[in-house]
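predicted model follows, preceded by the sequence.
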Amino acid sequence: MTTVLDSHHADVAIHGGSLELVVTRVSLEADDVISVTLADAAGRKLPDWRPGAHLELVLPSGLLRQYSLCGDSRDTFSYTVAVLREAGGRGGSRELHDTGLVGKRLRVNGPRNHFELVPSRRHVFIAGGIGVTPILAMVRSLADDASWSLHYGGRTASSMAFVTELSAIGGPRVSLVPQDERGLLDVDAILADADESTAVYCCGPAPLLAAVTDAHARLAPDASLHIERFAASSPGSGTPAAAGDDKPVEVLLRRSGLTLNVAPDRSILDAIRDVVPGMPYSCTEGYCGSCEVAVLEGTPDHRDEILTPQERERGTTMFPCVSRALSEQLVLDI
Ligand code: FES
């Protein structure tokens with residue numbers, strides 16, 4: 001951690017991955033989409049991030065919401081996220097749209113990245129609606145002569161954010177598909193020639209993710225597939241934290257020096273929050289990443305929708321809102 005105060009070019013202090021930033025700008029980017037730019041109040045440098053990363057915003061009401069960073073990752077003094085007003089959502093996006101945010105201080109957690117851009121000979125990006133945000137940061141970071149294509153679908157042209165910037169970056173590599181004019185993205189055609197030299201990235205609503213996952217399995221199993229979810233893949237998933245045949249698990253919190261005996265009908269997160277009330281969490285369904293914790297000993301039973309098979313195999317991190325243990329004891333870095 002670097003903590004240097006009162007210097008414009010010093011790094012901002014990080015307290016457990018949490019920052020207090022001030023909203024410097026709010027812009028309307030498309031129908032019902034705003035971008036929100038945050039910076040340190042004293043103008044200090046912010047922690048680095050790479051495309052695919054997200055921030056967790058602590059809203060004035062206390063709600064926690066995750067938003068992908070869509071600004072330029074080389075800009076080390078501000079973060080920008082984009083927020084779609086979701087009329088049927090749980091209230092977080094309405095709060096951000098309806099509050100006069102400029103000048104307000106917001107606590108943010110992160111940046112964290114579960115959607116890393118891997119090097120590849122060729123990248124194929126598939127974005128639905130507000131899912132374009134992490135992909136905007138990705139295509140901006142690629143070399144001018146890189147081989148990539150972006151297939152961006154939205155309800156209508158006026159609902160699609162960042163189209164001018166995307167077209168300026170990618171020119172003919174960017175295909176815009178407003179549904180009311182051109183129908184849905186033709187996922188089978190997009191993936192038809194994806195081979196082992198191709199990395200496919202998809203972010204968007206659940207039906208698009210399902211279509212891409214299905215087409216990948218049928219048509220392009222040798223390509224690597226990277227998916228970012230904004231919501232559980234189906235209502236109620238990840239796997240429930242307490243399934244009928246679960247066993248009790250002993251959880252040792254190494255830094256707190258506490259041992260918890262977690263009954264089969266409780267999540268490990270709930271048990272942790274009994275003794276560590278500030279433990280972050282948001283979705284409680286294993287897709288947002290808020291409750292991530294490092295595993296020091298023991299074998300997690302991963303039930304989240306975030307980790308890759310390789311990350312599951314490594315077993316060094318887990319999401320205790322849904323995941324449990326294969327070993328009798330887990331030792332966590334809390
Ligand atoms: S609270 Fe969202 S992954 Fe655990």
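Done, it's in. Numbers count the residues shown, from 1 in each chain.

secondary structure element for Arg273?
helix 268-275 (DSSP states H and E).

quick one: mean pLDDT for that helix?
Across helix 268-275, the average pLDDT comes to 93.

tell me the residues of the protein that contact the ligand?
281-284, 286-291, 304, 319, 321 (C-beta under 6 Å from any ligand atom). Just so you know, the C-beta spots here come from the backbone N, C-alpha and C atoms, and that holds for glycine as well.

and the next helix or strand past the lowest-mean-pLDDT helix or strand in the chain?
Least confident helix or strand of the chain, by mean pLDDT, DSSP states H and E, is helix 92-98 with a mean of 83. Note on helix 92-98: by DSSP H and E, the next helix or strand toward the C-terminus is strand 105-113.

helices or strands up against that following strand?
strand 18-30, strand 53-58 (3 or more C-beta pairs under 8 Å, 6 or more residues apart in numbering; DSSP states H and E).

list the buried residues of that strand.
Across strand 105-113, burial judged by 16 or more other C-beta atoms under 10 Å covers 106-113.

ok, so of the residues you listed, who is nearest Ser256?
Asn109 (19.3 Å; C-beta to C-beta).

got a list of what the closest one touches?
17-19, 55-56, 58, 64, 280, 290 (C-beta atoms under 8 Å, 6 or more residues apart in numbering).

swap the cut-off to 6 Å and go again
By C-beta atoms under 6 Å, 6 or more residues apart in numbering, the contact list for Asn109 reads 17-18, 56.

and for Asp195?
Asp222.

quick check: it vs Leu219, distance?
Taking C-beta to C-beta, to the nearest Å as the measure, Asp195 falls 10 Å from Leu219.

cool, and Asn261?
48 Å.

next one: Val124
If you go by C-beta to C-beta, the gap between Val124 and Leu219 works out to 12 Å.

neighbour count winner among these two?
Each of Val124 and Leu219 has its neighbours counted (other C-beta atoms under 10 Å); Val124 has more, 23 against 16.

list buried residues within the contacts of Asn109.
Applying 16+ other C-beta under 10 Å to these flags Glu56 as buried.

from the contacts of Asn109, which single one is nearest the ligand?
Glu56 (9.6 Å; C-beta to the nearest ligand atom).

can I assume the closest one is in contact with Gln66?
Yes - using C-beta atoms under 6 Å, Glu56 is in contact with Gln66, at 5.0 Å.

nearest residue to Pro134 in space, please, no chain neighbours.
Ser68 (3.9 Å; C-beta to C-beta, 6 or more residues apart in numbering).

any stretches of the stretch 51-200 of the chain with poor pLDDT?
88-90 (pLDDT under 70).

switch the cut-off to 80
60-62, 87-91 (pLDDT under 80).

count the neighbours of Arg74 for me.
Quick note: Arg74 (other C-beta under 10 Å) scores 8 neighbours.

from the ligand, how far out is it?
Remark: distance between Arg74 and the ligand (C-beta to the nearest ligand atom, to the nearest Å) = 29 Å.

what of Thr164?
Counting by C-beta to the nearest ligand atom, the gap from Thr164 to the ligand is 34 Å.

pretty sure that residue is in a helix, no?
Yes - counting by DSSP: H, G, I helix; E, B strand; the rest coil, Thr164 is located in a helix.

so Arg266 is in which element?
Per DSSP H and E, there is no helix or strand for Arg266.

how near is it to Arg107?
Arg266 is 28 Å from Arg107, by C-beta to C-beta.

go on, Arg25?
18 Å.

next: His114.
Distance from His114 to Arg107, by C-beta to C-beta: 21 Å.

what's the answer for Gly92, then?
14 Å.

Lys45 now?
With C-beta to C-beta as the criterion, Lys45 and Arg107 are 18 Å apart.

try Leu57
Distance from Leu57 to Arg107, by C-beta to C-beta: 8 Å.

same thing with Thr284?
Taken as C-beta to C-beta, the span from Thr284 to Arg107 is 20 Å.

now do Ser78
Taking C-beta to C-beta, one finds Ser78 at 16 Å from Arg107.

partners of whichever strand or helix holds the residue nearest to Pro134 in the sheet?
Assigned by DSSP H and E, Ser68 belongs to strand 64-68. With DSSP bridges as the test, strand 64-68 is paired with strand 53-58 (antiparallel).

next, the angle from the strand it pairs with to strand 105-113.
150 degrees (axes from the mean of the first three to the mean of the last three C-alpha atoms, to 10 degrees).

how about Leu252: what's its closest non-neighbour residue?
Nearest non-adjacent residue to Leu252, counting by C-beta to C-beta, 6+ apart: Val331, 4.6 Å away.

mind checking the SS state of the one you found?
Applying three-state DSSP: Val331 is strand.

from what I can see it touches Leu253, true?
No - the pair Val331 / Leu253 is not scored as a contact, 8.2 Å apart, by C-beta under 6 Å.

looking at these two, which one has more neighbours?
Leu253 (21 against 17).

contacts only, for Gly170.
Gly170 neighbours (C-beta under 6 Å, 6+ apart): 139, 150.

can you dump the C-alpha atoms of the helix or strand containing it in CSV for me?
In this structure, Gly170 sits in helix 163-170 according to DSSP H and E. Output of helix 163-170 as CSV, limited to C-alpha atoms (Å, rounded to 0.1, in the frame of the first residue of the first chain):
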residue,chain,number,x,y,z
VAL,A,163,-21.0,3.8,-30.8
THR,A,164,-19.1,6.8,-32.0
GLU,A,165,-16.0,6.0,-30.0
LEU,A,166,-16.2,2.3,-30.9
SER,A,167,-16.5,3.1,-34.6
ALA,A,168,-13.5,5.5,-34.3
ILE,A,169,-11.4,2.8,-32.6
GLY,A,170,-12.4,-0.2,-34.8
